[in-house]
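**Student:** how does the following fold in three dimensions:
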Amino acid sequence: MDKKIFLLTDYHNHFGAKYRATPYRSGMDKTILAEAFARHQAEAVYLPFSEVNTADEKLKGNFVLYSSSEHKGNNYKKYIEDIVYALELAGARTVPQYRFLLAHNNKVFMEQLRNIVLGGTSGIQSRHFGTLEELEASSAVLNYPCVLKSASGSLSKGVFLAQDAKELVRLASKISRTPHLRYELKDFLRRYKHKGYMPESRFQGKFIVQNFVPDLPDDWKILIFGNRAYALNRKIRTDDFRASGSGKLSYRKDLPEGILDFSWDVFQKFGIPFLSLDVACKGSNFYLIEFQAIFFGTYTLDYSPFYWEKTAAGWEFREEKSILEDVYAESVVKFVYGS
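**Tutor:** Numbers count the residues shown, from 1 in each chain. From the prediction side, this is the model:
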C-alpha cells in the first residue's frame, strides 16, 4: 500500500479512546482499526511515543495520528505534547495539529482557539485568568450570574455558577489555590527582608469565566466523524445548571432545527477529521459550550442506533449502528487523502 499512516501508542501500547473498550480503558482495538484502514488502501503503522525519532526521514511529510492522556497531574500529556510539537517542527503532518492537543483538557487555551477560529459566532463569551488577583481586579465589571470553570476537568467537574462578585471570588479561590507551604514561608519572609516586595500569588491555578445562558432544559453532545454526525441529548441535572455528567441521556431523532448545520459549520472551520461538541440551543440561538478534537468520550457513537450523513442534498438519516474503528479510519482517510 502506498498510503502509510503512523499511529502513536502510549506506554500501555494503547491507541485512542473508546468508551466500550475491552479491557477497560484500553483504547481502540488496534487490529480492527488496522483492518479498517486497509479497506481504504491505507497501511496503519503503530509506533510507540518513546520510539519516535524526529531525525527519521520516514516521518517527514507523512501523516501521524496520536491521542492524549488525562492522568492526574497531566505529566504524560506534557510528554506527548513534547513529542507531537517536535514532530510538527520536523515536518511530520500530525493529525490533529498540535494546537488541538494543547487545547485538550486546557480550557484556557481552548477559549483562545475558539476566539481565533470562530470569533464571536459560538454564542459564548469568556474571560481568562492566571491568578485570583487578576480576577479580583476585574470582578466588578463582569456580568452576573456567570459560569466559572477550572482549566482542566470533565463531566462538569470544576464548573460552578456564581451569582455575584463575592461568590465568584470565593469559588475561584478554591479552584485556583496552588499550595506550596515551604515556598510560601520563604516568600512571606521576603516581605520583611525586601522593602516594597510583593509576594507571589498563592492562587495560580488558571481558570475561565463565561457568560451564563439561563433556562436551558438540556444540551446536546454532537460527535462528527468525516461526514457523519451523532447526537446525544443530555438533560440538565436536578436543581443544577449543568448537563454534562447528569446521566439523563437519550437518543432522539427530533433534533433542534439547525443544530447539525451549526455543528457542521464549526467542524468545517476547525479543519479536522473529527470533533466533539457540547451544544446548547435556546430558540433559534445556538451556543458552543465546549469542544474537543482529541481524546474525547465516544459513548455517543458507541451506543447510537442511528446517525446523520452530510450529503450534497443535506443531512440524510441512517438507522444503523456504527463501529468506532471503522468510522475513525474512514474519517481520517477522507481527511488526509480526500477519498
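**Student:** could you point out which element follows the helix-or-strand element of the chain with minimal mean pLDDT?
**Tutor:** Ranked by mean pLDDT, DSSP states H and E, the weakest helix or strand in the chain is helix 181-193, scoring a mean of 77. As assigned by DSSP states H and E, the chain's next helix or strand after helix 181-193 is strand 207-211.
**Student:** kindly export that following strand (C-alpha atoms) in CSV.
**Tutor:** Provided in CSV are the C-alpha atoms of strand 207-211 (Å, rounded to 0.1, in the frame of the first residue of the first chain):
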residue,chain,number,x,y,z
PHE,A,207,-9.4,29.3,35.1
ILE,A,208,-12.0,31.0,32.9
VAL,A,209,-15.3,32.8,33.4
GLN,A,210,-18.1,32.5,30.8
ASN,A,211,-21.5,34.1,30.3
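**Student:** pull the residues that contact that strand.
**Tutor:** Strand 207-211 is contacted from outside by 107-108, 111, 124-129, 135, 142-143, 146-151, 168, 172, 175-176, using Cβ atoms under 8 Å, 6 or more residues apart in numbering. The C-beta positions use only the backbone N, C-alpha and C, and glycine is treated the same way.
**Student:** again, only this time at 7 Å
**Tutor:** 107-108, 111, 124-129, 142-143, 146-151, 172, 175-176 (Cβ atoms under 7 Å, 6 or more residues apart in numbering).
**Student:** among those, which ones are in helices?
**Tutor:** For those, the ones inside helices are 107, 108, 111, 172, 175, 176, with DSSP state H as the criterion.
**Student:** tell me how far the last one lies from residue 74.
**Tutor:** The span separating residue 176 from residue 74 equals 16 Å under the rule Cβ to Cβ, to the nearest Å.
**Student:** neighbour count: those two, which is higher?
**Tutor:** Shown here are residue 176 and residue 74; by other Cβ atoms under 10 Å, residue 176 has more neighbours (24 against 17).
**Student:** ok, that one touching residue 202?
**Tutor:** No: applying Cβ atoms under 7 Å, one finds residue 176 not in contact with residue 202, separated by 9.0 Å.
**Student:** burial check on the residue lying closest to residue 26 once chain neighbours are set aside, number of neighbours?
**Tutor:** Of all residues not flanking residue 26 in the chain, residue 14 sits nearest, at 5.4 Å (Cβ to Cβ, 6 or more residues apart in numbering). Neighbourhood size, residue 14 [other Cβ under 10 Å]: 18.
**Student:** residues touching residue 136, list them.
**Tutor:** Going by Cβ under 7 Å, 6+ apart, residue 136 touches residue 169.
**Student:** quick thing: my sequence starts at 289, can you match it?
**Tutor:** Renumbered: residue one is now 289, and that last one reads residue 424.
**Student:** tell me which helix or strand it sits in.
**Tutor:** Counting by DSSP H and E, residue 424 is found in helix 420-426.
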